[in-house]
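Student: any chance you can model this:
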Amino acid sequence: MHHILTQDMETKIIALISLITISSSLVFSQQSTPVLDVDGNQLQTNTKYYIFSRGGGGGGLALSIRDRRIPCPPNVVQENDASSKGLSLEIFPVDKKQPRISTQSDLNFVLIGATTCVQSTVWKLGIPDPFTRQRYVRSGGVLGRPGAETVGNWFKMERSGEGYKIVYCPSVCSSCKVDCGEVGLFVENGQRWLGIGGQPLVFGFKKVG
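Tutor: Numbers count the residues shown, from 1 in each chain. Model (predicted):
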């Protein structure tokens, strides 16, 4: 018995193969890969790094008060001076047993520096600003303890050209509704504030020492 493929059947088969290929590509692109510093070494926990923009001007990162009426906890900013290294930071994955940093993993970012505030220097995503309606990155987060109460403290990294994008899209709470977005730059009143959206930022890392 001979089986004859009609033109309609051939078209459907080609479409199905294309769909499978696209789906496979998407899965592959979302696989975890090592996050590398500028020297080609994978980032590790309990290790200090300077973080900087891969193009686009500005220096390293620091902490600054955005609203004098609410000085604590301070916000995360990029230094205006391109020659400034800013504060160093450490990165901790959600899996405490994992000594190295990879993309697609939930991460805590901790800036290393003293402030007059009692809160930590762990990054967290703030609530929408009452005036600009933007969500800025602040300090005062909690290190570890993944779950609903800390969902605003977790970020991820994705490869982008010669560097990495930092993305807010946590996986630590399956029942939580989150609005995902990339960490970008908002230039306001002479300061370069980090927040969700804004001018795109691609980061690089340089080990301290």
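
Student: what pLDDT, on average, does stretch 35-44 get?
Tutor: Averaging pLDDT along stretch 35-44 gives 97.

Student: how far is that stretch from where the chain is centred?
Tutor: Distance of stretch 35-44 from its chain centroid, counting by Cα atoms, centre = their mean, to the nearest Å, is 16 Å.

Student: same check on stretch 144-155?
Tutor: On Cα atoms, centre = their mean, the centre of stretch 144-155 falls 14 Å from the chain's centre.

Student: could you do stretch 109-117 as well?
Tutor: That offset, for stretch 109-117, works out to 18 Å (Cα atoms, centre = their mean).

Student: again with stretch 173-190
Tutor: On the basis of Cα atoms, centre = their mean, stretch 173-190 sits 9 Å off its chain's mean C-alpha point.

Student: give the buried residues for it.
Tutor: Residues of stretch 173-190 classed as buried by neighbour count (16 or more other Cβ atoms under 10 Å): 173, 182-186. From N, CA and C alone the C-beta is placed, and that goes for glycine too.

Student: quote the end-to-end distance of it.
Tutor: 36 Å (Cα to Cα, to the nearest Å).

Student: which residues touch it?
Tutor: 56, 58, 78, 80, 132, 134-137, 146-148, 151, 155, 165-170, 192-201 (Cβ atoms under 8 Å, 6 or more residues apart in numbering).

Student: what part of the protein, helix or strand, is modelled with the least confidence?
Tutor: helix 7-29 (a mean of 43; mean pLDDT, DSSP states H and E).

Student: quick one: the strands in this protein, in order.
Tutor: 49-53, 61-64, 75-78, 88-93, 107-112, 124-125, 137-138, 156-160, 163-168, 181-188, 191-196, 199-200, 203-207 (DSSP state E).

Student: I'd like those strands as TSV, with distance to P99 and mean pLDDT appended.
Tutor: Below are those laid out as TSV (distance: least, Cβ to Cβ, whole Å; pLDDT from 0 to 100):
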stretch	distance to P99	mean pLDDT
strand 49-53	15	96
strand 61-64	23	96
strand 75-78	25	97
strand 88-93	9	97
strand 107-112	13	97
strand 124-125	24	97
strand 137-138	25	96
strand 156-160	16	97
strand 163-168	19	97
strand 181-188	24	96
strand 191-196	27	97
strand 199-200	30	93
strand 203-207	15	97
